[in-house]
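Asker: just to be clear, the model below is a prediction. Sequence and coordinates:
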Amino acid sequence: MELGRLQLAQSRILMQLHALEESGIDADDDALVEGMNTTAA
């Protein structure tokens with residue numbers, strides 16, 4: 001029983017980490033695009 005709960009918690013944490021990584025990459029891409037726009041202008 002305890003092992004099942006730990007595995008469920010671990011999978012939730014991994015999913016949250018994956019979502020954070022994706023949002024972090026998106027934020028970096030947005031910053032790059034903004035930098036290009038200011039350079040072009």
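Answerer: Everything's here; your move. None of these values were measured; they are calculated from a predicted model.

Asker: quick one: low-confidence parts of this protein?
Answerer: 25-33, 35-41 (pLDDT under 70).

Asker: do a quick rundown of the helices in it.
Answerer: Ranges of helices in the chain, per DSSP state H, are 2-40.

Asker: number of residues surrounding Q16?
Answerer: 10 (other Cβ atoms under 10 Å). (Glycine included, C-beta is placed from N, CA and C.)

Asker: what separation do you get for it and L6?
Answerer: The gap separating Q16 from L6 is 16 Å, by Cβ to Cβ, to the nearest Å.

Asker: before we move on, what about E22?
Answerer: Taken as Cβ to Cβ, the span from E22 to L6 is 25 Å.

Asker: same question, E34
Answerer: The value you get for E34 to L6, if Cβ to Cβ is used, is 42 Å.

Asker: give the contact list for Q16.
Answerer: Contact analysis of Q16 by Cβ atoms under 8 Å, 6 or more residues apart in numbering lists nothing.

Asker: run a quick neighbour tally on R12.
Answerer: Per other Cβ under 10 Å, the neighbour tally for R12 reads 10.

Asker: quick one: contacts for it?
Answerer: Counted by Cβ under 8 Å, 6+ apart, R12 has zero contacts.

Asker: mind checking how far it is from L6?
Answerer: R12 sits 11 Å away from L6, taking Cβ to Cβ as the criterion.

Asker: again with I13
Answerer: 10 Å.
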